[in-house]
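> Quick one: sequence plus predicted model below, questions after.
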Amino acid sequence: MKKTPSRKSIAGLLLSAIMSFGCSAEEQHNSTSENESPIYQLPQSPISKCINVGNALDAPNEGDWTYRIEDYHLKAIADAGFDTVRVPIRWSAHALATAPYTIDPVFFDRVEHVVNTGLDYGLQVIVDVHHYDGIMQSPDEHYERLDQMWRQIAKRFSGRGDRIIFEVLNEAHTELTNSKLAKLNSKVLTTIRNNAGSEPWIILGGDEWGNLSGIEDARFPDDPRTILTFHDYSPFPFTHQGATFTVEKYPLGREWGSEKEKKELKALFEDAQKIGKKWNKPLFMGEFGVIDGVPNSWRAEYIEQYRRKAEEAGIGWCLWDFGASFAIYDVSTREWEPKILDALMSQ
């Protein structure tokens, strides 16, 4: 999850189904209504309904920020109707700083337990590299370390088929621009392919804190089993109102849903569709959501609008977050926020 706003306007959304490639975007398109722009049939995403278990394994140490991921959390996610769980992981805090960059075996075992538990409950599991601050500030000094961490991760989870999905890096920013990401994505993708023992899906993103503007200007390897990801929290004064971790502070009480904002949302999806058509790849909105503390009826309205637009556009989505600062599940009472769960799962 990003902590500061992007420099460019944000755009995007995502959804759809199960794995298999459809026809090219140029070969298939449908109109939603007389007042809607054409919706192109993007290649199908393996990810449909997803939720992040953030602020757990991506904390400096699991439990430092909020909760630890329990087995019953993953069962609750599966029972609620999600098909995928995204597991943000701060590998860089648990690997040697010098070659061979060995990942701490105790931490590795913990991650594998979470992954295996998710698989046991029938979920797909996205394993990502989260909060790698060093590579954002000094990319050239950290390319090899990231690549060697991915060599270990891919080997550890090799032969699992399609149910484990690898995401190369979360929210590139600062010095890690698209020109440097092109080299990084190509190198890491090759490393995963050489060590995974199968042909897993691999998620690739752009710069600008992972916003749609980042993948709009990016270059990606020619690999048929890649998914392009973006995040969207616009407008920030609504989704992050009351947040203590942002540079700029946004006061409580900001509502969402004006005609202007709905038109902007529609435009974001149209832009996302154009990018998906350009690359002829599945799209995945890896993060969106509204901070806890905003009235749940407001949160539910925003989340439902985003989710429905994503599904109309054929883009996979992943809500931020399960049980942390954007929570829709209360880890103390073991209950979902019903309004928001219904906003995600209703027909």
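Thanks, I have it. Residues are numbered from 1 along each chain as shown.

> nearest residue to residue 264 other than its sequence neighbours?
Closest residue to residue 264 apart from its sequence neighbours, by C-beta to C-beta, 6 or more residues apart in numbering: residue 234 at 7.4 Å. For the C-beta atoms, the positions are set from N, CA and C on the backbone; glycine is no exception.

> Relative to residue 306, how far out is the one you found?
10 Å (C-beta to C-beta, to the nearest Å).

> Look at these two and report which has more neighbours.
Comparing residue 234 with residue 306 by other C-beta atoms under 10 Å, the one with more neighbours is residue 306, at 26 against 23.

> Next one: the residue nearest to that one when sequence neighbours are not counted from residue 125, what distance?
The shortest distance from residue 306 to any non-neighbouring residue, by C-beta to C-beta, 6+ apart, is to residue 288 (5.3 Å). Distance of residue 288 to residue 125, given as C-beta to C-beta: 20 Å.

> and the two? which has more neighbours close in?
Taking neighbours as other C-beta under 10 Å, residue 288 and residue 125 compare with residue 288 leading, 26 against 23.

> residue contacts, that one?
13, 231-233, 303, 306, 317-320 (C-beta atoms under 8 Å, 6 or more residues apart in numbering).

> Among the residues you listed, which lie within helices?
Using DSSP state H, the subset of the contacts of residue 288 located in helices is 303, 306.

> just for this structure, where's the confidence low?
1-40 (pLDDT under 70).

> Please, where are all the strands along it?
Listed in chain order, the strands of the chain (DSSP state E) span 29-31, 38-40, 49-52, 84-87, 124-128, 164-167, 202-204, 226-231, 283-287, 316-319, 329-330, 335-336.

> Identify, out of the ones you listed, the most deeply packed stretch.
Greatest average neighbour count among those goes to strand 283-287 (a mean of 31), per mean count of other C-beta atoms under 10 Å.

> Kindly export it (C-alpha atoms) in CSV.
C-alpha atoms of strand 283-287 as CSV (Å, rounded to 0.1, in the frame of the first residue of the first chain):
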residue,chain,number,x,y,z
LEU,A,283,-5.1,-6.5,-15.8
PHE,A,284,-5.2,-6.7,-12.0
MET,A,285,-6.0,-3.9,-9.6
GLY,A,286,-3.9,-5.1,-6.8
GLU,A,287,-5.0,-2.6,-4.2
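
> contacting residues for the nearest residue to residue 157 once chain neighbours are set aside?
Once flanking residues are discounted, residue 157 sits nearest to residue 164: 5.1 Å by C-beta to C-beta, 6+ apart. Residues counted as contacts of residue 164 (C-beta under 8 Å, 6+ apart) are 115, 119, 124-125, 127, 157, 200.

> My guess is residue 81 contacts residue 345. True?
Yes: Residue 81 is within contact range of residue 345, at 5.0 Å (criterion: C-beta atoms under 8 Å).

> Mutual contacts of these two, please.
By C-beta under 8 Å, 6+ apart, the residues touching both residue 81 and residue 345 are residue 49.

> More neighbours: those two, which one.
residue 345 (14 against 11).

> show me what contacts that one?
49, 80-81.

> cutoff 10 Å now
49, 80-82, 304, 307, 336 (C-beta atoms under 10 Å, 6 or more residues apart in numbering).

> which one is the spatially most central residue of the chain nearest to, not counting chain neighbours?
Using C-alpha atoms, centre = their mean, the residue of the chain that lies closest to the mean C-alpha position is residue 286, 2.1 Å off. Among residues not flanking residue 286 along the chain, residue 229 sits closest, at 4.5 Å (C-beta to C-beta, 6+ apart).

> Isn't the one you found up against residue 215?
Yes: Residue 229 is within contact range of residue 215, at 7.5 Å (criterion: C-beta atoms under 10 Å).
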